[in-house]
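# Got a sequence here, can you model it:
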Amino acid sequence: MTNEQQTSQSLNERYALISNNICTQLVALQGAINAREEGQRHPTSQDIAMQCKLIGCLDKLRKLSGEKAIARPRRVPQQAPETTETPTNTPATQKAEAPPITEQDFKDYKHLLNTFRHIRDNETIRFRGRLVNSKWLHYNLLQYCLPQSERRFMGDARRVIAEVNMPATLEKANPHLQQNMAA
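Predicted coordinates:
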């Protein structure tokens, strides 16, 4: 084996070791996110930034070692459904998913329900120290005004904007809204 081949092999072994360490860090970061309290298992902006940096490092290492870079997933544009039904009637939301907000969040933020009027799709509001979509927060807070059997939480703001008929949701929650606001 020539000196150049030994150097190349040694360099590739170092790249593999560094790649393994980065993958271990990514797995640890995902584990930390999954270990959070139920309903809080969404990556923060810091988590996302760290994941992007680590994946970027992996891409660079793969390019340096001669491997192909990781293929980035392409975004597929989502089309709004043709019906104007509320998501409680769709089978996709019938499965049990953890509520994106907790009952304690409802107690802490229910005063905002009186401020949500004529919300545009792109409006944001501060919730738990970060900016979130106002319609998403409004919809999920309203779920705690409904009887437990009728609650349908949505974790993705884009789904709320695309699928939820807010006037119908408000009409459905209105009878329960006053009693929950007083409590």
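# May I see the buried residues of the helix or strand harbouring residue 20?
Using DSSP states H and E, residue 20 falls within helix 3-34. For helix 3-34, the neighbour count (16 or more other C-beta atoms under 10 Å) marks 15, 19, 22, 26, 29 as buried. Yep, even glycine has a C-beta here, placed from its N, CA and C like the rest.
# other SSEs contacting that helix?
Counting contacts by 3 or more C-beta pairs under 8 Å, 6 or more residues apart in numbering; DSSP states H and E, helix 3-34 packs against helix 45-65.
# So the protein: which segments form each domain?
Listed domain ranges for the chain are 3-65, 87-182 (source: automatic domain parsing).
# Give the next helix or strand downstream of the strand or helix carrying residue 136.
Using DSSP H and E, residue 136 maps to helix 134-143. Using DSSP H and E, the helix or strand that follows helix 134-143 in sequence is helix 157-163.
# looking only at pLDDT, what's the mean for that next one?
Helix 157-163 shows a mean pLDDT of 85.
# what's the answer for stretch 124-133, then?
85.
# picking up where we left off before, on contacts alone, who are the packing partners of the helix holding residue 136?
Secondary-structure packing of helix 134-143 (3+ C-beta pairs under 8 Å, 6+ apart): helix 103-109, strand 124-127, helix 157-163, helix 166-182.
# Report the buried residues of the least confident helix or strand in the chain by mean pLDDT.
The least trusted helix or strand in the chain, going by mean pLDDT, DSSP states H and E, turns out to be helix 166-182, with a mean of 77. Neighbour counts using 16+ other C-beta under 10 Å place 166, 169-170, 172-173, 177, 180 of helix 166-182 among the buried residues.
# Over to stretch 54-68?
Neighbour counts over stretch 54-68 (16+ other C-beta under 10 Å) mark 54, 57-59, 61, 65 as buried.
# try stretch 29-48
Neighbour-count burial for stretch 29-48 [16+ other C-beta under 10 Å]: 29, 39.
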